[in-house]
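Undergrad: Coordinates for the following, if possible.
(4 chains)
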Number of protein chains: 4
Amino acid sequence: MEKKWRTAITQHVGHETYIRGYRLLDLVGNLSFAQAIYLILKGELPTEKESKMMEAMLVSVIDHGIAPPSAIAARAVASGGNSLNVGVAAGVLAFGSAHGGALEDAMKFIQEGVKSGRSVEEIVKEYLENKKPIPGYGHRYYKDFDPRTKRLMDIAKELGFYGPHCKFAEDVEEEISRQKGKRLVLNVDGAIAAIASEMGFDWRLGKGFFIIGRVPGLVAHVYEELTTEKPFSKRLDEETEVEYTGLPPRELPAEFKRV
Amino acid sequence: MEKKWRTAITQHVGHETYIRGYRLLDLVGNLSFAQAIYLILKGELPTEKESKMMEAMLVSVIDHGIAPPSAIAARAVASGGNSLNVGVAAGVLAFGSAHGGALEDAMKFIQEGVKSGRSVEEIVKEYLENKKPIPGYGHRYYKDFDPRTKRLMDIAKELGFYGPHCKFAEDVEEEISRQKGKRLVLNVDGAIAAIASEMGFDWRLGKGFFIIGRVPGLVAHVYEELTTEKPFSKRLDEETEVEYTGLPPRELPAEFKRV
Amino acid sequence: MEKKWRTAITQHVGHETYIRGYRLLDLVGNLSFAQAIYLILKGELPTEKESKMMEAMLVSVIDHGIAPPSAIAARAVASGGNSLNVGVAAGVLAFGSAHGGALEDAMKFIQEGVKSGRSVEEIVKEYLENKKPIPGYGHRYYKDFDPRTKRLMDIAKELGFYGPHCKFAEDVEEEISRQKGKRLVLNVDGAIAAIASEMGFDWRLGKGFFIIGRVPGLVAHVYEELTTEKPFSKRLDEETEVEYTGLPPRELPAEFKRV
Amino acid sequence: MEKKWRTAITQHVGHETYIRGYRLLDLVGNLSFAQAIYLILKGELPTEKESKMMEAMLVSVIDHGIAPPSAIAARAVASGGNSLNVGVAAGVLAFGSAHGGALEDAMKFIQEGVKSGRSVEEIVKEYLENKKPIPGYGHRYYKDFDPRTKRLMDIAKELGFYGPHCKFAEDVEEEISRQKGKRLVLNVDGAIAAIASEMGFDWRLGKGFFIIGRVPGLVAHVYEELTTEKPFSKRLDEETEVEYTGLPPRELPAEFKRV
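TA: Numbering: from 1, shown residues only, chains lettered A, B, ... in the order given. Predicted coordinates:
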């Protein structure tokens, strides 16, 4: 009978652990953490250039402060009196379609765009005409260019990862400008998406880079909450922070009154 | 060989589901939801009085507004672009030792106190001398009595659930006043704890009442967030809401600069 | 400035809690738990018939044994050494599109179908021709009729909730038979979906009924795991339960060997 | 008024992000991922030796196969039809006191042991006499020595991290042998705990190393589940995998029968 639990990731032979075929103990001390991450996700060891690119991409999302929904959720859950893993998990839960999801969507857009062989002009036109947002473009503050994108793209060029996916991503940025008469910058999600696509990663793994890169930030936040803040401190002040938009007090109808 | 997955809760016989031995289809239409909850937790059907008591206890915790950490976490996670179940789960995660945990602790305190046969005077003395907080006592606003406690205790008396555990809980409230010269009211966690103990529930299930009773409130909050608020709206404004307590900007040492 | 945290569910006036405008303390002892659930989800008090229908729907999903992914996840997480709320939350997380999601999809299908005014014949034809599964229909074991559906529909008829949505749902069942020459039964998800639609609930709340109804079952499972099973007992036996589908052991290339 | 949301981790100045005072864009391309993790957790940049030690420790826990509760929970939740982040979060939830918690407990034990100045003989005696398990010692298979411990300790020695905490940890291993007449090996949790203590990390962060190190493994597992397995495939077969330990079918008493 076929087994329900199947995996190609890790195997035990005797008491030894093998990750993608390599003995775990051989990886310890020989691989950097980012190299081991590349191996476990991709199934093969990275080249030196791929290793450097991975390090840069993961570092670029390590934290974005206490403001995003993930940090709020992580710290609120910790504040309820839970241990480190529970707070971190709550933060990871927040990484939905509106929070890290753009990376996945942008990878899909870029990979399908390059594969389709269609012209950038035609693709952008279709999105703009249907008023569909193009994932990976636009930023609240950056109107000219996103400095994080520039940084990552510079590194990608230096390491030889500026291929068709990166070019496609930048061409789309220019084409949006041309057709729309207004610049929507290729943002950091779009940049990571282009480079990860260049490296051959499946778009379904897109959010994985974000999760792996940001978890250390969440660990730092939950640890900070647990060690420096009082339990239950993350509650709102109803007077000043909450707007009640519902019905005013009303009387329970007589037919419901039993006691 | 002994099986790894064992349960005494639910069984399938043919295509029929049996809950604690009763055919599920017989329960549908015949039991109230609270009666079915009693059955699945306790293993036996409730009497009419136990049913009424369960209804009252569960209703008493159904929601406490948007302010607590659980509602914050649930709505922040929903705001990240996740579906209903994910937001609700984040809210349930927040129910740690500082948020609903008092119910469990108070049940343990009351059950061990009654079982020990020790005098209330002695028990309270021990806690006060060691400056240990007594779980289930004290409230930020209510200094004289907690109206929710009064309501539940009135119902418990009417239904015949005012036995040794409830008496112990109220005696402790009086004894604290006497020894401390200051009233710490038996709060609603303490009241539910006393009554649930009276009904024979194990203290390890204490948080279960809170979880079951509050989940409908969390569903309402996450549904409201998903249908009336914009995605990613639950982020902090760093200028006005966040205090940065760390180091000022500093230069990366030269030996780290590779690019 | 508009506030970020807004809610129409619950308000505090002084130290009193009001749920949808009603004083919480008035609800305690007067409303059944299912009635309070109806109130918090719908915003208004239920009639007696709506109350009975709610009780039946919630009881019908209270547990389905230890086999589904939600029970596996809940008990595995508890087995890792976590408290009650954490295990229950893991179970709620499992309620994705393939686990409870059918209820939501079926509500959407039924509500849009009724609202469209299109003929059942046309709607079914479109699905079958496009080989799209119709949510709420079909069952692994029940080929003639689903006894849970019959039970709920009988109660719905008795209580006066057999209106256009229930009729539409049953007509679709017949029409599938006619066009396909094979019966796909209206399953229990479909039945609850039809009745909840009849009661005026938004399909976006569909999974909420499932979550609220099933959480007591999850509490029972996690409590059972924590009190009767050993920590870490929920691990697989790699010899007998796991199939490794990956690469065989291989040597780490020399250029990676630093230590 | 004091602000509720405070952090020393990350700050925005204009549109620039600063991590522990360093401009994020300066870290990208210059720091390895493990170096950035060290920085965000510790507040300061690592030396080259600390960097290498971090890489080794994180790689050593990257995955342990599909068997542990965390992989089961992650894959069961994914199997319910959820996205990548939700499955990964369920896996992180499983990291409770029995799953990764040993690392935290062992760090506490070692740090308090070293700080106390008490003799190893006395400390071990106290634990053995009170039959308290010593966290970080003992292994199901390894009876002589744990090869992962040896590997990490060899690297620690090479890099100069074999100080009082590592010595204490190994002395305890010997002393247990002496007093108990039976060897309990210093396991991999104990080894990481000793080295992390040597590097000056607080024991409350212990589980953080495990979480950060293992999340890539969880991402790989959830991705594999979502892309190679059918939805809802992670359910138990009640006939062969489940033992029902509850009551046999029984009749619902007549007084409950309303319909």
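Undergrad: From here on, just use CA atoms for contacts and neighbour counts.
TA: OK.
Undergrad: which residues touch A:E55?
TA: By C-alpha atoms under 8 Å, 6 or more residues apart in numbering or on different chains, the contact list for A:E55 reads A:A34, D:V28, D:G29, D:L31, D:S32, D:F33.
Undergrad: ok and the residue in the stretch 101-250 of chain A nearest chain D?
TA: Residue of the stretch 101-250 of chain A nearest chain D, by C-alpha to the nearest C-alpha: A:A220 (5.6 Å).
Undergrad: Just say helix, strand or coil for A:K3.
TA: Three-state assignment for A:K3 (DSSP: H, G, I helix; E, B strand; the rest coil): coil.
Undergrad: what about it, neighbour count?
TA: 10 (other C-alpha atoms under 10 Å in any protein chain shown).
Undergrad: measure it to D:V61 for me?
TA: Plainly put, A:K3 is 26 Å away from D:V61 if you go by C-alpha to C-alpha, to the nearest Å.
Undergrad: Determine the three-state secondary structure at A:F161.
TA: Assignment for A:F161 (three-state DSSP): coil.
Undergrad: Now do the contacts for it.
TA: With C-alpha under 8 Å, 6+ apart, A:F161 has these contacts: A:I195, A:E198, A:M199.
Undergrad: Would you agree A:V124 is in contact with A:V172?
TA: Yes - counting by C-alpha atoms under 8 Å, A:V124 does reach A:V172; the two are 6.9 Å apart.
Undergrad: Neighbour count: the two, which is higher?
TA: Set A:V124 next to A:V172 and count neighbours by other C-alpha under 10 Å: A:V172 wins out with 24 against 20.
Undergrad: show me what contacts the residue positioned nearest the centre of chain A?
TA: In chain A, the residue lying closest to the centroid (C-alpha atoms, centre = their mean) is A:F210, at 2.8 Å. Going by C-alpha under 8 Å, 6+ apart, A:F210 touches A:L58, A:V61, A:G100, A:L103.
Undergrad: Can you show me the CA trace of the helix or strand containing it as PDB?
TA: Per DSSP states H and E: A:F210 is located in helix A:206-228. What follows is helix A:206-228, C-alpha atoms only, in PDB (Å, rounded to 0.1, in the frame of the first residue of the first chain):
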ATOM      1  CA  GLY A 206       8.000  32.900  -3.000                       C
ATOM      2  CA  LYS A 207       6.600  33.500   0.400                       C
ATOM      3  CA  GLY A 208       9.100  31.000   1.800                       C
ATOM      4  CA  PHE A 209      12.000  33.400   1.300                       C
ATOM      5  CA  PHE A 210      10.100  36.100   3.100                       C
ATOM      6  CA  ILE A 211       9.100  33.700   6.000                       C
ATOM      7  CA  ILE A 212      12.700  32.400   6.400                       C
ATOM      8  CA  GLY A 213      14.200  35.800   6.200                       C
ATOM      9  CA  ARG A 214      11.800  37.500   8.600                       C
ATOM     10  CA  VAL A 215      11.500  34.800  11.300                       C
ATOM     11  CA  PRO A 216      14.700  36.000  13.100                       C
ATOM     12  CA  GLY A 217      13.100  39.500  13.300                       C
ATOM     13  CA  LEU A 218      10.000  37.900  14.900                       C
ATOM     14  CA  VAL A 219      12.100  36.000  17.400                       C
ATOM     15  CA  ALA A 220      13.800  39.200  18.400                       C
ATOM     16  CA  HIS A 221      10.400  41.000  18.800                       C
ATOM     17  CA  VAL A 222       8.800  38.200  20.800                       C
ATOM     18  CA  TYR A 223      11.900  37.900  23.000                       C
ATOM     19  CA  GLU A 224      11.800  41.600  23.600                       C
ATOM     20  CA  GLU A 225       8.100  41.600  24.500                       C
ATOM     21  CA  LEU A 226       8.600  38.700  26.900                       C
ATOM     22  CA  THR A 227      11.600  40.100  28.600                       C
ATOM     23  CA  THR A 228      11.000  43.900  28.700                       C
END
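Undergrad: Would the next helix or strand after it count as contacting chain C?
TA: Once the chain leaves helix A:206-228, the next helix or strand it forms, by DSSP H and E, is helix A:238-241. Yes - using C-alpha under 8 Å from any C-alpha of the partner chain, helix A:238-241 reaches chain C at A:E241.
Undergrad: Alpha carbons of helix A:238-241, as CSV, please.
TA: Extracted C-alpha coordinates of helix A:238-241, given in CSV (Å, rounded to 0.1, in the frame of the first residue of the first chain):
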residue,chain,number,x,y,z
GLU,A,238,-11.1,52.0,24.3
GLU,A,239,-11.5,55.6,25.1
THR,A,240,-8.7,56.9,22.8
GLU,A,241,-7.9,54.1,20.4
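Undergrad: Could you list the buried residues of it?
TA: A:E238 (16 or more other C-alpha atoms under 10 Å in any protein chain shown).
Undergrad: that older thread, tabulate the contacts of A:F161 (JSON lines), appending secondary structure, pLDDT and distance to chain C.
TA: Written out in JSON lines, the entries for the contacts of A:F161 read as follows (DSSP: H, G, I helix; E, B strand; the rest coil; pLDDT from 0 to 100; distance: C-alpha to the nearest C-alpha, whole Å):
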{"residue": "A:I195", "secondary structure": "helix", "pLDDT": "98", "distance to chain C": "24"}
{"residue": "A:E198", "secondary structure": "helix", "pLDDT": "97", "distance to chain C": "24"}
{"residue": "A:M199", "secondary structure": "coil", "pLDDT": "97", "distance to chain C": "20"}
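Undergrad: For those, pick the one with the most neighbours.
TA: Of the contacts of A:F161, with other C-alpha under 10 Å as the count, A:I195 tops at 27 neighbours.
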